[in-house]
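Participant: Got a predicted model here, sequence first, then my questions.
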Amino acid sequence: MKKLLISAALLSAALLLAACGGNPARQAPQTPSAEDFETMQGLYEESDEDHGWKPLCKWQYVDLDGDGINEVWMRDMAEEYGAFYAVSDDYLAMIGIETDRFKAYTREPQDGKGWWCKGGPAGGPSYYTEIITLRNSRITDRYYQMQVYDDIEGTLNGEDLDDAACRAYVEALPEGKELEPGEWNILDLTDYDRVHDPIAEDAE
């Protein structure tokens, strides 16, 4: 009976791995540590991009490049602002920040690459687009574009691109698709609230 139960347990585990995409070595890394979350929060707060002043306290995994190793998606409690991170044992980088104004979306993984994107009105006739490429859960390219009426200017990894090059770059990518949040994990922010209490800071 004991051998039968063990065999059944092993079979169930194998079926679960198959349903999740196979090799356990390629699954998401273990839950980020408290230090990882602190680093991610610091990158968010120190970013020059528009971001909220409330801490990111919700998180979940999302596999942007389809390699079986998940990226981390975080949001504040009101889900007005958020950020995405590439996290592994030896790599942690902020992919980008989402806001109510600039919504994040993705694209179907292709040729081992995936994309994190955002875009939205940038004032007047301007429209801003940001496209971050990932491969093996690491950032490989950063593309930024500003369109004013029909004129487009952009940069790829810091190099300026003209209108034709921008259009060619974007047209070569898979179509964009919406990111659908799953169930959020909630962080314990007791220590953060104590350290970042505005009343306590004013008292000092």
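Facilitator: Structure received.
Participant: Tell me where the model's unsure across the protein.
Facilitator: Regions of the chain meeting the criterion pLDDT under 70 cover residues 1-30, 191-204.
Participant: just the helices in this protein please.
Facilitator: Per DSSP state H, the chain has helices spanning 2-20, 34-46, 163-171, 190-195, 198-203. These are given in chain order.
Participant: any idea how far the spatially most central residue of the chain is from residue 43?
Facilitator: The structure's the chain has its C-alpha centroid closest to residue 84; by C-alpha atoms, centre = their mean the separation is 2.4 Å. Residue 84 sits 11 Å away from residue 43 when distances are taken as C-beta to C-beta, to the nearest Å. All C-beta spots, glycine's among them, are computed from the backbone N, C-alpha and C.
Participant: Common neighbours of those two, please.
Facilitator: Shared contacts of residue 84 and residue 43, defined by C-beta atoms under 8 Å, 6 or more residues apart in numbering, comprise residue 94.
Participant: Return the set of buried residues in stretch 50-67.
Facilitator: 51-52, 55-59, 61-65, 67 (16 or more other C-beta atoms under 10 Å).
Participant: Max pairwise distance over these: which two?
Facilitator: Of all pairs drawn from the buried residues of stretch 50-67, the one with the longest distance (C-beta to C-beta) is 52 and 67, at 29.8 Å.
Participant: does the nearest residue to residue 98 once chain neighbours are set aside have beta-bridge partners, and which?
Facilitator: Leaving out its chain neighbours, the residue that sits closest to residue 98 by C-beta to C-beta, 6 or more residues apart in numbering is residue 104, at 3.8 Å. Here residue 104 sits in beta bridges with residue 118, as judged by DSSP bridges.
Participant: Tell me how many other residues crowd residue 104.
Facilitator: Per other C-beta atoms under 10 Å, the neighbour tally for residue 104 reads 22.
Participant: from memory it sits against residue 115, does it?
Facilitator: No: between residue 104 and residue 115 there is no contact under C-beta atoms under 8 Å: 10.7 Å.
Participant: Run a quick neighbour tally on residue 77.
Facilitator: Look at residue 77: counted by other C-beta under 10 Å, it has 14 neighbours.
Participant: separation between the residue found closest to it once you drop the neighbours it is linked to in the chain and residue 190?
Facilitator: Closest residue to residue 77 in three dimensions, ignoring its sequence neighbours and counting by C-beta to C-beta, 6+ apart: residue 57, at 5.4 Å. According to C-beta to C-beta, residue 57 and residue 190 sit 11 Å apart.
Participant: give me every residue that touches residue 156.
Facilitator: For residue 156, the residues meeting the contact criterion (C-beta under 8 Å, 6+ apart) are 141-143, 169.
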